[in-house]
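Visitor: Build me a model from this:
(one chain, ligands or ions: 2)
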Amino acid sequence: MFHVKRRRRMLCYAPMALSRIIAIANQKGGVGKTTTTINLGASLAAADLRVLLVDLDPQGNCTSGLGMDKNTLQASTYHVLTEGADPLSAICSTDLDSLDLLPSNRELTGATVELLGVKRREFRLALALEPLHERYDFILIDCPPTLGILTLNALVAADSLLIPIQCEYFALEGLSDLMDTLGRVQQSLNPKLCIEGVLLTMYDERLNLSAQIRQSVRGHLGDQVFQIIIPRNVRLAESPSFGKPILLYAVRSKGADSYLQLAREILAKMAPLEEKLPYATHSIGVIS
Ligand code: ATP
Ligand code: MG
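Guide: Ligands and ions are numbered 1, 2, ... in the order given. Have a look, this model is predicted:
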C-alpha cells in the first residue's frame, strides 16, 4: 500500500556532502514554477533529504500553497533581502518533516525598489543562504515571472537553473531572453551556474498540440529536457488550495508520481555512476 508519513523521516538517501541550490525560473507566467518548487521539494524531502524552499515571488504562492497565511508573516524573504535578517528567523517548518520554507508575501515587491541603490544587490540572496548550506541537501528557489532583480538574485545564488515550460503554443517564447540572462550571469556574476534541465509541464496526452510542443522543445533543446514530463493533472491544481504538496493530498495520483520521478531523475544525474541504477529504480517517497 502506498502512504506518506507526515513529519517522519521516510527514506534512505545519504545526506549530500554539499547542498545544491536550484533556481526554478521562467519569466513566462503560469508555467508551473511554483507547482514544481513545492512538489519537487516534497518529493526530495520524502527521500529523507533536507530541503528548503525559498519563496522569492511577491505573489507568495509557494507560501500559501503550503498552507501558510502569507498576510501574517513576522519575517519573510523581504526582511532577509532588504534588512539582512537572519533567514533562520523567518524559516518555517511544514507538514513534511524535512521540508522547510522561507516564506514571502507582497511586501517583497518593495525589495525591487529598495535594493536599487544597494551595492552588490545581486548577491543578497547568495550571502543570506551561505550559512544554510550545511543544514540542507537541496534549496529550491521559486522565482517570480520576471527577469528583474529578484530572479537575478536567485541565479547568482544557484548552482543550477530548472526551467518549467508549459506544453502550449508560444511555449518557447521568452526562452531566448532567459538564456541570454543565464549567459550574462555565467559570464560575470556566477560562473558555476548550469542548466539543471528543462521540464515540460501540463502535458495533455489527448492533445496533438502537446505532442507537437514536446517534439519541438526536444528538437530545440535536446538532452537538456528532462525525460519525465509532468502531465496536466487536476490533483496537482487542487492541492495548493488544501495547503499541501500533492504527496500529502493525492499520493496515488499521476501528478504525485511524476514529481517523484523528477526527483529520481535529478538524484540519478547527481549520483556517482555505479549508484545510478539503485537511485533510479528504488525508493523515493512511497512505502509499498
Ligand atoms: P507564476 O508565473 O504566476 O508564478 P507559475 O509558473 O508558478 O505561475 P503555477 O502557479 O505553478 O505556475 O501554475 C499555474 C496554474 O496551473 C496553477 O493554478 C496551478 O495549480 C496549475 N498547474 C500547474 N501545474 C499543473 C499541472 N501539471 N496540472 C494541472 N494544473 C497545473
Ligand atoms: Mg509561481
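Visitor: what's around the one residue in the stretch 151-288 of the chain that gets nearest to ligand 1, how many residues?
Guide: Relative to ligand 1, the nearest point of the stretch 151-288 of the chain is residue 237 (3.6 Å; C-beta to the nearest ligand atom). In short, each C-beta sits where N, CA and C put it, glycine included. Using other C-beta atoms under 10 Å, residue 237 is surrounded by 13 other residues.
Visitor: again, but for residue 122
Guide: 19.
Visitor: Quickly find the element holding the residue of the stretch 151-288 of the chain closest to ligand 1.
Guide: Assigned by DSSP states H and E, residue 237 belongs to helix 234-238.
Visitor: Contacts for that helix next, please.
Guide: 35, 39, 230, 246, 249-250, 253-256 (C-beta atoms under 8 Å, 6 or more residues apart in numbering).
Visitor: re earlier: per-residue confidence at the residue of the stretch 151-288 of the chain closest to ligand 1?
Guide: With respect to pLDDT, residue 237 scores 98.
Visitor: Same check on residue 4?
Guide: Looking at residue 4, its pLDDT reads 51.
Visitor: before we move on, what about the one 4 residues further on?
Guide: Residue 8 is assigned 36 on the pLDDT scale.
Visitor: and if you look at residue 169?
Guide: 85.
Visitor: Same question for residue 261.
Guide: Looking at residue 261, the pLDDT reads 97.
Visitor: now do residue 11
Guide: Here, the pLDDT recorded for residue 11 equals 35.
Visitor: Tell me where the stretch 101-250 of the chain is predicted with low confidence.
Guide: Counting by pLDDT under 70, the stretch 101-250 of the chain shows no low-confidence range.
Visitor: name the helices or strands packed onto the lengthiest helix in the chain?
Guide: Looking across the chain with DSSP state H, the single longest helix is helix 254-270. Contact here means 3 or more C-beta pairs under 8 Å, 6 or more residues apart in numbering; DSSP states H and E; on that basis helix 254-270 packs against helix 33-46, strand 194-201, helix 234-238, helix 246-249, helix 276-281.
Visitor: What is the subsequent helix or strand relative to the longest one?
Guide: By that I understand helix 33-46. strand 51-55.
Visitor: Show the subsequent helix or strand relative to that next one.
Guide: helix 61-65.
Visitor: just the CA coordinates of that next one, formatted as CSV?
Guide: C-alpha atoms of helix 61-65 as CSV (Å, rounded to 0.1, in the frame of the first residue of the first chain):
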residue,chain,number,x,y,z
ASN,A,61,2.0,31.3,-4.0
CYS,A,62,4.6,28.9,-2.6
THR,A,63,3.8,30.1,0.9
SER,A,64,0.1,29.9,0.6
GLY,A,65,0.4,26.6,-1.3
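Visitor: Report the contact partners of the closest residue to residue 226 other than its chain neighbours.
Guide: Spatial nearest neighbour of residue 226, chain neighbours left out: residue 197 (4.5 Å); criterion: C-beta to C-beta, 6 or more residues apart in numbering. Residue 197 makes contact with 162-163, 224-226, 265-266 under the criterion C-beta under 8 Å, 6+ apart.
Visitor: Lovely, talk soon.
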